[in-house]
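Undergrad: Provided below for reference: sequence and predicted model.
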Amino acid sequence: MIISIASGKGGTGKTTVAVNLALTLMETESVYLLDCDVEEPNAHLFLRPRLEGSAKVTVPVPIVDEEQCNECGRCGETCAFNAILPLGKHVLTFHELCHGCGGCALLCPTGAIREEPLEIGVVEWGHAGSISHIHGRLKIGSPLAPPVVRAVKKHAQNRSLGAVSIIDAPPGTSCPVVASVSGSDFCLLVTEPTPFGLHDLTLAVDMVRELGVNFGVVINRAGLGNGGLVDYCRAENIPILARIPFDRKYAKCYAKGGRLIEEFPEIRKILQDLWHAVCVSAERV
Amino acid sequence: MKELLVISGKGGTGKTTIVGAFAGLAKDSFPCETTVLADCDVDAADLHLILKPSVRRTNEFFGLKKATIDPAKCDNCGECAKVCRFDAIAMHEESIKIEPVSCEGCAVCFHICPSQAINMKDVIAGHWFVSDTIYGPLVHAKLGVAEENSGKLVMEVRREARRIAETRGSRLIICDGPPGVGCPVISSMSGVDLALIVTEPTIAGVHDMERLYTLANGFDVEVVVCINKYDLDYKISRDIREFCRTHDIDMVGRIPFDEEVVKALVKGEPIISPDLTSGKSESPAANATRQLWAEILNRLSL
């Protein structure tokens, strides 16, 4: 079972829910926690896993042999990402823009282009207690998060069969989030009762519906205000699966990298109930 | 003309709240001039919730063209599926299907198809808007659901903001940045005059600030730091100060945790009243934001 945790708005508590849900479930289930927020991975700060291995994530980028180039300009015409620019025999390449589609190398009539792996990030894995933790880290300055997200999921794919995989997704609704959430059995959308939380929740709902993933809402900082959140969920027929109350003591615990369920038994109970609700919603009781 | 970017790495540290307050303060500082506001968080734009704009102009944003298949011409040879590196093309028994969400628009399938059965079609990947607010013009955008190319849309927003600023002789553009360190952040950061990193005293806030600082350093952008909710954890706030000191970054503000901010957020209102002359006493956070603003103007020589 794969559960992704997304939000639209940043800072609503995705990582808090992901980490504490993993810690709650580790006693009864085999748990994988995949941190797919590869731009700013944070789950490890709370899990403090023992690192056991890592692998580079690369994108194949073009290297041009100008000796073999016949100046046809085909590479520049075909590249949709403006990552290769032929100026006569001199061909400029912009590897940071390259998506690694392989088009230029494939279509070059003289075979003047070969591909070399460019490192854009790293996948690291290890254990925190019985939790298997895998995260990706986008190399600073590299713009392309989705290949790193896919690498994290691929690393887990065959190992996590039969386990509960919890995916901590990045904020937003665009390609890195889609790469994280797609293929999940269930998605938890974490939001907060403010106009911002509500607005970004509506965007996230559009996204998960587009992906055809079953989902429910977790309200974090409940009690802060209403912001029309409950009305919206009711009108859209979206289940509210958990409410985590607003309390400064939780914020203080989070700040230090603390684990809420270890300090506050009421949070453990909320997450146990959440898990049960997810199983019911995902029809896996 | 100067461009200020407010950014954070981690989401939810208070970027938009601070930009919302700056909008009012800018109007107060430059009453006779136009300050242009730009929301570069095109994935989950929120600034409009505080600034309450009326949209004057809506523009379509075209991302990369996406592949579609013409079943009448397709002879199921499967060459396209072999070359697609994004797993966007699936062979079924009867037909070949392209999954639009996975298609990155590279067009390799289009070039390789022996039957010319693949077309590259324009896709509206979002919209961007030019709006009026009581503080000045706002350029903002909405990326389509599950779309790519947020970086390119950020560029459109910034280009329009600059154009308006030039036409109106503005001194300042204030940009609300996206979270993370990836493509939309890189597009937001290139060429700005000053990046204000808003962090919070949490281990995640610090971790993300450090990564963002490394990125900004690579762009040669001047960086200053402000700690929001600094009194949530004094020790981590001291750690941030120490990080700034050792990296020669100026700490330009500290904003306390303040119930008044929470109340304003819940109402979707700015933490600094639009009517600055009302003489209403301000909350501690509003006061601290005012000091932060003065420091920012100083940095920008405005």
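TA: Yep, it's here.
Undergrad: Around chain B, which positions in the stretch 151-285 of chain A sit nearby?
TA: Selection of the stretch 151-285 of chain A residues close to chain B by C-beta under 8 Å from any C-beta of the partner chain yields A:170-178, A:182, A:193-196, A:199-200, A:203, A:206-207, A:210-211, A:224-225, A:227, A:248, A:251-252, A:254-257. Just so you know, the C-beta spots here come from the backbone N, C-alpha and C atoms, and that holds for glycine as well.
Undergrad: Repeat the analysis, applying 6 Å as the threshold.
TA: Proximity of the stretch 151-285 of chain A to chain B, by C-beta under 6 Å from any C-beta of the partner chain, involves residues A:171-175, A:178, A:194-196, A:199-200, A:203, A:206-207, A:210, A:225, A:255, A:257.
Undergrad: Among the residues you listed, which lie within helices?
TA: When DSSP state H is applied, these are split such that A:175, A:178, A:195, A:196, A:199, A:200, A:203, A:206, A:207, A:210, A:255 fall in helices.
Undergrad: Now, of the residues you listed, which are buried?
TA: Buried members of these, counted by 16 or more other C-beta atoms under 10 Å in any protein chain shown: A:175, A:178, A:195, A:196, A:199, A:200, A:203, A:207, A:210, A:255.
Undergrad: of all the residues you listed, which two lie farthest apart?
TA: Maximum pairwise distance in these, criterion C-beta to C-beta, is 35.0 Å, between A:210 and A:255.
Undergrad: Chain B: helices as residue ranges?
TA: Along chain B, the segments classed as helices by DSSP H run B:15-29, B:47-51, B:79-83, B:108-112, B:150-168, B:183-189, B:203-219, B:234-246, B:259-267, B:284-299.
Undergrad: could I get the buried ones among the ones in helices among the residues of the stretch 151-285 of chain A next to chain B as CSV with distance to residue A:4 and pLDDT?
TA: Shown next, in CSV, are these (distance: C-beta to C-beta, whole Å; pLDDT from 0 to 100):
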residue, distance to residue A:4, pLDDT
A:175, 15, 91
A:178, 11, 94
A:195, 25, 94
A:196, 21, 95
A:199, 21, 96
A:200, 16, 96
A:203, 16, 96
A:207, 11, 95
A:210, 14, 92
A:255, 25, 97
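Undergrad: From the opening residue of stretch B:49-69 to its closing one, how far?
TA: Start to finish, the residues bounding stretch B:49-69 are 40 Å apart (C-alpha to C-alpha, to the nearest Å).
Undergrad: what about the helices in the stretch 101-250 of chain A?
TA: For the stretch 101-250 of chain A, the helices defined by DSSP state H, counting those that start in this stretch occupy A:103-107, A:146-157, A:175-181, A:195-211, A:229-235, A:248-255.
Undergrad: Need the residues that contact the last one.
TA: Residues from elsewhere that reach helix A:248-255 (C-beta atoms under 6 Å, 6 or more residues apart in numbering or on different chains): A:16, A:260, A:263, B:201, B:202, B:232, B:233.
Undergrad: Just put these in a markdown table and tack on pLDDT and neighbour count.
TA: Rendered in a markdown table, the data for the contacts of helix A:248-255 read as follows (pLDDT from 0 to 100; neighbours: other C-beta atoms under 10 Å in any protein chain shown):
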| residue | pLDDT | neighbour count |
| --- | --- | --- |
| A:16 | 98 | 26 |
| A:260 | 98 | 25 |
| A:263 | 97 | 13 |
| B:201 | 98 | 26 |
| B:202 | 97 | 24 |
| B:232 | 95 | 21 |
| B:233 | 97 | 21 |
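Undergrad: Please name the bridge partners of the nearest residue to residue B:78 once chain neighbours are set aside.
TA: Ranked by C-beta to C-beta, 6 or more residues apart in numbering or on different chains and with sequence neighbours excluded, the top spatial neighbour of residue B:78 is residue B:91, at 5.3 Å. With DSSP bridges applied, the residues forming beta bridges to residue B:91 are residue B:96.
Undergrad: related to what we said a few turns ago, present the helices of chain B as CSV; the columns should include mean pLDDT, mean neighbour count and distance to chain A.
TA: Output for those, formatted as CSV (pLDDT from 0 to 100; neighbours: other C-beta atoms under 10 Å in any protein chain shown; distance: least, C-beta to the nearest C-beta, whole Å):
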stretch, mean pLDDT, mean neighbour count, distance to chain A
helix B:15-29, 96, 24, 7
helix B:47-51, 96, 23, 5
helix B:79-83, 96, 18, 6
helix B:108-112, 97, 21, 4
helix B:150-168, 96, 20, 5
helix B:183-189, 95, 25, 4
helix B:203-219, 95, 21, 4
helix B:234-246, 97, 15, 6
helix B:259-267, 91, 17, 3
helix B:284-299, 96, 19, 15
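Undergrad: ok, back up a step: against chain A, how distant is the residue nearest to residue B:78?
TA: Summarising the geometry, the distance separating residue B:91 from chain A, computed by C-beta to the nearest C-beta, to the nearest Å, is 19 Å.
Undergrad: For that residue, grab the count of nearby residues.
TA: A count of neighbours around residue B:91, defined by other C-beta atoms under 10 Å in any protein chain shown, yields 14.
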